[in-house]
Structures are given as C-alpha cells and as structure tokens.
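Visitor: Next one to model:
(chains A and B)
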Amino acid sequence: MKIVIVDESPVRAAILEDGLREAGFTNVERIGEMRSLLARIYAIDPDVILIDLENPSRDILEQMFQVSRAVRRPVAMFVDQSDAASIQASVDAGVSAYIVDGLKKERIKSILDLCVSRFNAFSRLQDELARAKSEIEERKTIDRAKGLLMKAKNLSEEDAYRLMRSTAMREKKKIFEIAQAIITASELFK
Amino acid sequence: MTAEREHLRIGFIPLADAASLFVAVDKGFAAQEGLDVELVQEVSWSNVRDKLNIGMFDAAHLLAPVAVASSLGVGHVKTPIVAPYNLAMNGNAITVSPTLHAAMNARLDGDALDPLATARALARVVADRKAAQAEPLTFGMTFPFSGHNYQLRYWMAAGGVDPDEDVRLVVLPPPYMVGSLAQGHVDGFCVGAPWNSVAVDLGVGHILHFSVELFSRCAEKSLAMRESFALEHPNVVAALLRALHRAARFIGEADPHEIAALLARPDRVGVGADVILRTLQGRLKIAPDGATRENARYLLLGQEGAERPDPTQAAWLYAQMARWGQAPVSTALLDAAKAVFRPDLFDAALPATTRSGDAIGAFCGPKFDERDLDAYLAAFPIRRAP
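Guide: This next block holds a predicted model:
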C-alpha cells in the first residue's frame, strides 16, 4: 500500500512517517513542495493521501479527484461518514486523509488512528518547546533585573533576588513581571 | 425543539465578500441579537466544508456551489446543507498575464469590453499555440465547485474553447494566485477580491472582465449551515439573519473607508485597505498603466435584494455541474439543489424583498430555464457528455 504525506513541516512529516513505518506501512512518501503537488501525486499514484489541515493545498487535491481521469476516484474521505468520532478526532488533531479506491475500511482506520496520535504528539512537542523557550526568556529577564537592582541599590545577588520575590508576593505578581517592571523603569530613568 | 443557544462558531475564508459577517460581529449587530459569534479563519474551502459538515462550525461563509454540491453528495460525502442568506453576489474577475493580454489583443476582433469578443480572441490564441505546438494555456481558479470555475468555463466555451481539452484549468488557493501568475505557472485566473487588484498593482496582470459583466446576478458566497442545525435552532437562524441584514445595510450607508479599514485587519481579510476600498466601490484598476473600470454592481452585498437566496440560482449552479460532468442530469438532483437555497427561512426573519429581471443574466447563450434542463444543456455546443 502506497501512502503519501503532504506536509510542509518536515519534523511532523518525519514523525508521521516513522510511525507508519513502525506500524508496517513501508511504502511512504513525503511531499513538502506544494508547487509540483499534483504532478508528484500522479507519479506516485498512492492509495492513501494524508494532508495536514493547515495546508491550503487541500483544495488542489479536491480538484484532482474531480477532474482528473488519471487518478482513481477516492471512495471516502476520512474513514466513513458514519464514524463521527474518528472524523472529529482527525480534524481536531489537524489531519485529513483521502482514501483512494479499493482499500479495506479497517486498515484505513488504523492509519488514521496512528496519524491522530502522532499529530497530537507533535503538537505536545511544540507546546513543550514553546514553554521551554519562554522559561529561558523569563530567566534572562529576571537575571537582568537582578543585575540592575544590585548596581542601583548596591545589593548582593541573593538580596536582590529576595527583594524581587518579596515585592512579587506583596503585589500578587510573578517575579518575572516584577523583573520586567524593573527593566522598564530603569530604561525610563536612563 | 431542542434548546436554542447563543454561542456560534462560524468559519470563513479571508475575502472581501465575507464583509457582512465581519461587520455583524465587529459593529455589535450580532451581540444586539443576543448572539456570541466566534469567527474562525480557515485556509481552504475543503476545511470550511468539512468542519461545517461534521459540526465543528455552526455556520460558514461558503462558496454557494459547495453548499449545493455537499447537499447532493457530489465530490464529497453527502451532508444536507441549507443556505438561508446570500453573503455576496458577483465580485470575481478574470485576470490574464501581460503576455496573454497582448496575444489576445493582437487577435481581438471587436470590443475588448465584450466577453464574447475576448473569448473568441482567446480561441484564436489557443489555435495559434496548437499550430505552433506550444504548451496549452493554464488558468487558475479556486475550487472545482465555485463560481470562478463556472464563470471561466462559460466564458471560454462561448468563444469555442473547450476548457477540458484546449487549456488546463487548475485549482489554486487564492493567496497563491498572484505568485503563480508572476512566475508563469498560470497564464490567467478567475478569483475574488482582492487578488485581481493585487496582480494589477504588481504589474503582472490585466483584468479582462468583472464577473458581473458575464452574469448580472451570480450567487457567490452563501451563509451555509447544516439542515439539522437550521431545523433545531430557528430563532438563532433568524437572529443571525437579522444581524447580517443590518450589517449589509450598514456597509451600504457607512463611509466606505471605515468598512475598508475594518476588513483590512489581519484577522479579517488582511490586505491593504486601499485595495479593499476599490472592491467595495466597484472601481478597479484593470491594467498596470493605471487604467480603471467602474461597475457599481461589481460586488453586491446587500443591494438589489442580493441577500435573499434565489432557488433559480441554485438550479443554475447545479446546471453548471451537470454541463461539466461533475454531476449527472436528473430532476431529483435539480430539486435537491433548489431546496438548498431557502428564501422561506430568509422571509421568516426579514421583510421579503423582491428582485426584477433575469435571475442569471448571462452575457450570451440560452436563457436559463430550470423547467427544461435538458434543452438548456443541449443548447451548448461545448459540454461534457452526460
């Protein structure tokens, strides 16, 4: 069975491809370049096309099934109209599957379930990355504010931090917010 | 009747013809009707259709032919959709590259403003290219079930060009249209605002025709919802229609600069206000040298009873699907198509409006008669076999 993954995110496409391979689907190709999308799909002639929902090229695929005499018509999109839970899960995760003629529904279901869990795993990864980045940013801001306090009030590092922390507690704010305020104020006083 | 609800998720594609939806929310008309409307921006018509069909959207800004196709089960799983309100009529244009424009001008026998004359000029260019064994011309449109596709096909075929045999028609997402023209991947396209103007501004395109010059009344975007949703929430539907009607009236009366600025927001259409202003005023720059053309009916939002869905227009859209082999010809499908457009729901919410004259107003060809679809279709020399 030939599966095509249409995704502009190479990381996500790789995660998906690995998952499919582990599940025994070895004939998997990725298309990241949208300009030659139709030509590539005609050449590969896949049984299943997986595309991420944030890709505007989904509309291009719709045309392929409408006007092309070269590609077999898809029998269904997603799993089945009646399987509302699968469809919802797939759309929520951000993936859409086109199933081209002649495949057993059960096999498609396993592919789609796998895609949904992989897409969800990818978005969790993205969230964690974003959180880690913002933690680093916060740490930098707090360090800078600490430095400013040490210099302006002639405090030790430990005292400067303690001052920020007690102020944050009194004001019911985060230390990061106090740090930001210190930096803003110091720029105004320049 | 199940409990009515006030929170609505409505999907849209960033285009000027969703203006009434934006204004209904941003100017508080929806809130005044007790509705809390969340507008969700989408990247493709397939997404809008699917999210509407599976219930992730309560309503959507949708290509009118997609509402019809979805209800007929053409091109996708069948989901009954109703369209109780026309968000826009007309509003598209056909743009070609400077190279094709020059080639067509050289072969033009007649008035460049006459679509039949330009279609015949295109046919001569196509024949010239065939004789020279050049690659066929490629045209972009936005979706297989779209006014853009049908307008382009109708115009070409009127001049003797078979859109499936003599040229290539490809789907392109609207934001890719201009880039594809600039890079020579397409020789022309039919698309809605603001993309024609963007192409002209960049000097890569000439606007040949406004779609209103091909058809005087063409249902372009519907407010679409699942039939089951409309049945279960009649008061919500009526409230939404009233809010949209007030928005459309506001657009007609307010300073167009204010409307253009509102539409220009990145979370709405996200292009320059000046480009949107031209669309709203129907005054478009048509050539890179700065020539303009004006048509007050370029985009009809609330004017001339454009809001009230007309089943004849749904029938016409279905006839185009039948003409181009997307759907079989049958009276059952014709009736199902007409039932998608729901003037009864419109009339239940708003004072009835009437229109006068031809429901379609095609620039050439047989007058549309839904009572004899076979005869209407047979009158076209170029069509797909049924």
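Visitor: Next up, the contacts around residue A:163.
Guide: Neighbouring residues of residue A:163 by C-beta atoms under 8 Å, 6 or more residues apart in numbering or on different chains: A:149, A:153, A:155. From N, CA and C alone the C-beta is placed, and that goes for glycine too.
Visitor: Helix, strand or coil: sort out it for me.
Guide: Under DSSP: H, G, I helix; E, B strand; the rest coil, residue A:163 falls in the helix class.
Visitor: list the buried ones in stretch A:39-54?
Guide: Applying a neighbour-count criterion of 16 or more other C-beta atoms under 10 Å in any protein chain shown, the buried positions in stretch A:39-54 are A:40-41, A:46-53.
Visitor: what about the strands in the chain?
Guide: The chain I'm using is chain A. A:3-6, A:28-31, A:48-52, A:74-77, A:95-100 (DSSP state E).
Visitor: Correction: the question concerned chain B.
Guide: With DSSP E as the criterion, chain B has strands spanning B:7-12, B:36-41, B:59-63, B:81-90, B:92-96, B:138-141, B:168-171, B:188-192, B:206-210, B:219-226, B:283-285, B:292-294, B:299-300.
Visitor: Describe which strands the third one pairs with in its sheet and in which direction.
Guide: Note on strand B:59-63: by DSSP bridges, its sheet partners are strand B:7-12 (parallel), strand B:219-226 (antiparallel).
Visitor: now the last one
Guide: If you go by DSSP bridges, strand B:299-300 pairs up with strand B:81-90 (antiparallel).
Visitor: List the buried residues in the partner strand.
Guide: For strand B:81-90, by 16+ other C-beta under 10 Å, it's B:81-90.
Visitor: rewinding a little: need the strands of chain A in TSV (columns: distance to chain B and mean pLDDT).
Guide: What follows is these, written out as TSV (distance: least, C-beta to the nearest C-beta, whole Å; pLDDT from 0 to 100):
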stretch	distance to chain B	mean pLDDT
strand A:3-6	12	90
strand A:28-31	16	92
strand A:48-52	9	86
strand A:74-77	7	52
strand A:95-100	7	75
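Visitor: Format those strands as TSV; extra columns: distance to residue B:168.
Guide: As requested, the strands of chain A are exported to TSV (distance: least, C-beta to C-beta, whole Å):
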stretch	distance to residue B:168
strand A:3-6	21
strand A:28-31	20
strand A:48-52	21
strand A:74-77	22
strand A:95-100	22
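Visitor: residues in contact with residue B:292?
Guide: Residue B:292 makes contacts with B:283-286, as judged by C-beta under 8 Å, 6+ apart.
Visitor: Residue A:180: which of the strands of chain B is closest?
Guide: Taking C-beta to C-beta, strand B:36-41 is the member of the strands of chain B nearest to residue A:180, at 30.8 Å.
Visitor: Could you list every helix and strand in contact with that closest one?
Guide: Helices and strands touching strand B:36-41, by 3 or more C-beta pairs under 8 Å, 6 or more residues apart in numbering or on different chains; DSSP states H and E, are strand B:7-12, helix B:19-26.
Visitor: highest average neighbour count across those?
Guide: Among the helices and strands packed on strand B:36-41, the stretch with the highest mean neighbour count (mean count of other C-beta atoms under 10 Å in any protein chain shown) is helix B:19-26, at a mean of 25.
Visitor: what's the angle between that one and strand B:219-226?
Guide: Between helix B:19-26 and strand B:219-226, the angle comes out at 50 degrees (axes from the mean of the first three to the mean of the last three C-alpha atoms, to 10 degrees).
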